[in-house]
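Engineer: coordinates only, sequence not included:
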């Protein structure tokens, strides 16, 4: 009986120290719901966001859906991939999606100028986009090397190009 009581006491002490050690890894955060607008269009997410030390954490699938992307997780490689959903009604395309649709193009950020880019083909400049002075929601226009006008817009810090203008200038868009 004495051995049983000693064994139980030792077991309880070990168990309580394990719980005490596990408790040091706790995080205090706030669950909240933010309003999100993409290209000026309000979007609703299906989940709440986590606010921790001034940074908002949004579930990847929820955010990807808002941006019209699908996600896939490969458990073997521990990789997450994003695929743009086909949305022919969308009138705007990001610079990097535009580059992906035209594999012969290169988009380079201009050194020292935020939101300023140069679009190149074979080393030759096709057009430049300078959104450094633009505020979110601002529209502007640029002219390419063939004198075709392309409307641009800045939304949530990203530069978007008008798809129809790009098509009219002879570029591919998805």
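Structural biologist: In hand now; what should we look at? Keep in mind it's a predicted model, so treat the numbers as computed, not measured. Residues are numbered from 1 along each chain as shown.
Engineer: how is this structure carved up into domains?
Structural biologist: As assigned by automatic domain parsing, the chain contains the domains 30-84, 92-168.
Engineer: for the longest one, what is the average pLDDT?
Structural biologist: What domain 92-168 shows for mean pLDDT is 90.
Engineer: List the contacts of residue 107.
Structural biologist: 95, 96, 98, 99, 117, 118, 119, 120 (CB atoms under 8 Å, 6 or more residues apart in numbering). C-beta here means a position set from N, CA and C on the backbone, and glycine is covered the same way.
Engineer: closest to residue 174 out of the domains of the chain?
Structural biologist: Residue 174 lies closest, by CB to CB, to one member of the domains of the chain: domain 92-168, at 4.7 Å.
Engineer: just how off-centre is the closest one within its chain?
Structural biologist: Remark: domain 92-168 is offset 18 Å from the chain centroid, using CA atoms, centre = their mean, to the nearest Å.
Engineer: Doesn't residue 63 belong to a strand?
Structural biologist: No - secondary structure of residue 63 (DSSP: H, G, I helix; E, B strand; the rest coil): helix, not part of a strand.
Engineer: quick revisit: which member of the contacts of residue 107 is positioned nearest residue 70?
Structural biologist: Closest to residue 70, out of all of these and judged by CB to CB, is residue 96, at 17.3 Å.
Engineer: Highest mean neighbour count out of the domains of the chain?
Structural biologist: domain 92-168 (a mean of 15; mean count of other CB atoms under 10 Å).
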